[in-house]
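Peer 1: Dropping a prediction and its sequence here:
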Amino acid sequence: MPERFNLTRIEEPLDAYDAEGHADLAATLDTPVATGEMLTSFGEHAALIEAGSSGFVQPDAPRVGGITPFLQISALADYKGRALAPHFVMEIHVHLSAAYPRTAWVEHFEWLEPMFDERLELKDGRMVIPNRGGLGLSLSEQAAAWTTESAVFGSGT
């Protein structure tokens, strides 16, 4: 039924942890299902991927524990032939998506821009990978002001 709308994907149609339900739904549709943005570990993503629950895997690097587990998820997704559409924090995911061997989609949230001094460049509907060091971003003074406490580490006292 959704095929008549020529959709790229149907995102999060069921509870994020319902691997079996997503697999059943994915088997009935020509439009790929996308899910995983709310999951918090490699194991949770692996269960969805192994069940054939989605055509698009949507890991969120901060939510799954960082870049290493994100890369483990994306390696399994690639092995299983899945597309990648990371969730949120595009400033991190633009780099990780660029390293994915298949076409990847990155969500764009303009309302996150006040957090960083730098802006991601968009050109012809695509994000341009920054050539700055590291992840290529720094927290803005506004974001630093949101911090209510601070600590000094390594002072030895």
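Peer 2: Here it is on my side, so go on.

Peer 1: Every contact and neighbour count from this point should use C-alpha atoms.
Peer 2: Will do.

Peer 1: Show me which residues of the longest helix belonging to the chain are buried.
Peer 2: Selection of the longest helix in the chain by residue count, based on DSSP state H, yields helix 67-79. Buried residues in helix 67-79, defined by neighbour count with 16 or more other CA atoms under 10 Å: Pro69, Phe70, Leu71, Ile73, Ser74, Leu76, Ala77, Asp78.

Peer 1: For His93, see how far away the residue lying closest to the second one once chain neighbours are set aside is.
Peer 2: If I follow you right, that is Phe70. Leaving aside its sequence neighbours, Phe70 sits nearest to Ala61 (CA to CA, 6 or more residues apart in numbering; 5.4 Å). Distance, Ala61 to His93, using CA to CA, to the nearest Å: 7 Å.

Peer 1: which neighbours do these two share?
Peer 2: Common contacts of Ala61 and His93, defined by CA atoms under 8 Å, 6 or more residues apart in numbering, comprise Pro86.

Peer 1: In contact with Ala46, which residues?
Peer 2: Ile73, Leu76.

Peer 1: ok so, going back, check which element follows the longest helix of the chain along the chain.
Peer 2: Tracing the chain past helix 67-79, the next element assigned as helix or strand by DSSP states H and E is strand 83-84.

Peer 1: Can you spell out which helices and strands pack onto that next one?
Peer 2: strand 56-57, helix 67-79 (3 or more CA pairs under 8 Å, 6 or more residues apart in numbering; DSSP states H and E).

Peer 1: can you list contacts of that strand?
Peer 2: Contacts for strand 83-84 (CA under 8 Å, 6+ apart): Gly55, Phe56, Val57, Gln58, Ser74, Ala77, Ser97, Tyr100, Arg102, Thr103, Ala104, Trp105.

Peer 1: Around Gly66, count how many other residues there are.
Peer 2: With neighbours defined by other CA atoms under 10 Å, the count for Gly66 comes to 13.

Peer 1: Likewise for Val152?
Peer 2: Val152 has 6 neighbours, counted by other CA under 10 Å.
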